[in-house]
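Asks: here is my input, please return the structure:
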Amino acid sequence: MTTSPSARPGEVVVGFDGSPNAADAVEWAAQEAVRQGTGLLVISSGYYPGMPSWVGVAGTPLPRSIELATEELANEGRTIALKFLPDDAVQTHVVTSGAAPALIDASSTASMVVVGHRGHGALASAVLGSVSTAVVQCAHCPVVVVQGSGHASALPLPVTVGVDGTPESEAALLFAAQRAARDEVPLRIVCAWLTLTQTGWEVANWSGDAIEEWAQALSGSARHAADDALAKVRERWPALDVQVRVVEASPPLALEDASRESRLVVVGSHGTSALGRLVLGSVSRTVLHHAACPVAVVRPHGRTPRMSPMLSPRERDRSPRLGDSAPR
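Replies: Below is the predicted model:
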């Protein structure tokens, strides 16, 4: 067990709470550490809802039974990781506070943080739920949310990335392309857009000509974003097998559909352009809940996390609105 929550520079960090999803996350993280040639830090939390706020603070000891259970939990995660990594490559760390702050702290030096999609362990489902939401929003490195143990396929499944032309999606694109090139699998670029008739009451009073004009503008922007993404990948990885999909569909559904035939789906942390509000605004949150494969959320380098894990779910769940600059 480490004496500090900080990860060794460049290593992979994973949260483990004893649930099946968390076990899948540890296996995925350990294999990623092998591919990166780095170590793995397994973090487990002894916190449970209703725990007195003074427990573990200012020298107040954690009840020994909880301490032992948490150490045993962390060692269980370590045992899973040792199926893929040598003994000296796996560390464990036990915290008495919530799992999210420890994972976020460790992300400052980690190459990646991995969490399970939904925790149901004995220690209050310490991984995902509100924890995964906080980690995705506030981590300083890419975060991968693992759902299930992946697909069984005789063919190499692609890495899929959603793009919209923003800096957020460019960071996701480069992350996805690097992974695809490293693992010698195809890269699939997806750019989806909605017709205005699919976006709801905001355009209920628009004329048919305005709707058609705006739809053509969105379609053209989507094609331009996809072509620009392809050019960026070709410049750095000319031999990489790249597939491009520009689709008129709900972006979350387009990525969810692509996830059924992907090894990993990569999305940016937030889209902010006029197209991005339709394509990637809150898409990452939706994809995290419904994808059939692991999902990586990537923030642009140097971008400070925008939200605090202490915000309420209502505050964290605000969705971007359609911009006011559309033609009428």
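Asks: can you pull the contacts of residue 170?
Replies: By C-beta atoms under 8 Å, 6 or more residues apart in numbering, the contact set of residue 170 is 163, 229, 232, 268, 300. (C-beta placed from N, C-alpha, C; glycine too.)
Asks: what is the burial count for the first one?
Replies: This points to residue 163. For residue 163, the count of nearby residues is 31 (other C-beta atoms under 10 Å).
Asks: over to residue 261?
Replies: Residues lying near residue 261 (other C-beta under 10 Å) number 15.
Asks: now do the contacts for the nearest residue to it once chain neighbours are set aside.
Replies: Nearest residue to residue 261, sequence neighbours excluded (C-beta to C-beta, 6 or more residues apart in numbering): residue 157, at 6.3 Å. The neighbours of residue 157, taking C-beta under 8 Å, 6+ apart as the test, are 151, 185, 261, 262, 263, 293.
Asks: turn these into CSV, columns for pLDDT.
Replies: Formatted as CSV, those follow (pLDDT from 0 to 100):
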residue, pLDDT
151, 56
185, 96
261, 93
262, 95
263, 95
293, 93
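Asks: and those residues, which are buried?
Replies: Neighbour-count burial (16 or more other C-beta atoms under 10 Å) applied to those gives 185, 262, 263, 293.
Asks: wait, isn't the third one in contact with residue 292?
Replies: Put plainly, it is residue 263. No: in this structure, residue 263 is not within contact of residue 292 by C-beta atoms under 8 Å, at 10.9 Å.
Asks: who wins on neighbours among the contacts of residue 170?
Replies: Most neighbours among these, by other C-beta under 10 Å: residue 163, with 31 neighbours.
Asks: surely it meets residue 192?
Replies: No: judged on C-beta under 8 Å, residue 163 makes no contact with residue 192 at a distance of 9.7 Å.
Asks: circling back: among the contacts of residue 170, which are in strands?
Replies: residue 268 (DSSP state E).
Asks: ok, the contacts of residue 170 vs residue 114, which is closest?
Replies: residue 268 (18.2 Å; C-beta to C-beta).
Asks: ok now do that closest one, which residues does it touch?
Replies: So residue 268 contacts 162, 164, 166, 168-172, 280, 284, 297-300 (C-beta under 8 Å, 6+ apart).
Asks: so what's it bridging to?
Replies: Counting by DSSP bridges, residue 268 forms beta bridges with residue 298.
Asks: mind checking how far it is from residue 237?
Replies: Distance, residue 268 to residue 237, using C-beta to C-beta, to the nearest Å: 19 Å.
Asks: do the same with residue 296
Replies: Residue 296 is 18 Å from residue 237, by C-beta to C-beta.
Asks: which of the two has more neighbours?
Replies: A side-by-side neighbour count of residue 296 and residue 237, using other C-beta under 10 Å, places residue 296 first with 23 against 17.
Asks: who's in contact with that one?
Replies: With contacts defined as C-beta under 8 Å, 6+ apart, residue 296 is in contact with 112, 142, 143, 144, 172, 175, 176, 264, 265, 266, 267.
Asks: name the SS class of the fourth one, please.
Replies: I take that to be residue 144. Three-state call for residue 144 (DSSP: H, G, I helix; E, B strand; the rest coil): strand.
Asks: quick one, grab the pLDDT at it.
Replies: According to the per-residue confidence, residue 144 scores 95 in pLDDT.
Asks: isn't it up against residue 28?
Replies: Yes: Residue 144 is in contact with residue 28 according to C-beta under 8 Å; the separation is 7.1 Å.
Asks: overlap of the contact sets of these two?
Replies: The contact sets of residue 144 and residue 28 overlap at 114, 294 (C-beta under 8 Å, 6+ apart).
Asks: now do the helices in the stretch 51-200 of the chain.
Replies: Assigned by DSSP state H, counting those that start in this stretch, the stretch 51-200 of the chain shows helices spanning 64-81, 99-106, 130-138, 167-183.
Asks: kindly reformat those helices as a markdown table containing distance to residue 88.
Replies: Output for the helices of the stretch 51-200 of the chain, formatted as a markdown table (distance: least, C-beta to C-beta, whole Å):
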| stretch | distance to residue 88 |
| --- | --- |
| helix 64-81 | 12 |
| helix 99-106 | 19 |
| helix 130-138 | 26 |
| helix 167-183 | 24 |
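Asks: deepest in the core, which of those is it.
Replies: helix 99-106 (a mean of 26; mean count of other C-beta atoms under 10 Å).
Asks: quick one: average confidence on that helix?
Replies: Helix 99-106 comes out at a mean pLDDT of 90.
Asks: what does stretch 33-44 give?
Replies: 95.
Asks: now stretch 156-170
Replies: For stretch 156-170, the per-residue pLDDT averages 90.
Asks: and it, how far apart are its ends?
Replies: 24 Å (C-alpha to C-alpha, to the nearest Å).
Asks: so can I have JSON lines of the contacts of residue 296 showing distance to residue 246?
Replies: Compiled in JSON lines, those are given as follows (distance: C-beta to C-beta, whole Å):
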{"residue": "112", "distance to residue 246": "29"}
{"residue": "142", "distance to residue 246": "25"}
{"residue": "143", "distance to residue 246": "27"}
{"residue": "144", "distance to residue 246": "26"}
{"residue": "172", "distance to residue 246": "17"}
{"residue": "175", "distance to residue 246": "21"}
{"residue": "176", "distance to residue 246": "17"}
{"residue": "264", "distance to residue 246": "21"}
{"residue": "265", "distance to residue 246": "17"}
{"residue": "266", "distance to residue 246": "17"}
{"residue": "267", "distance to residue 246": "17"}
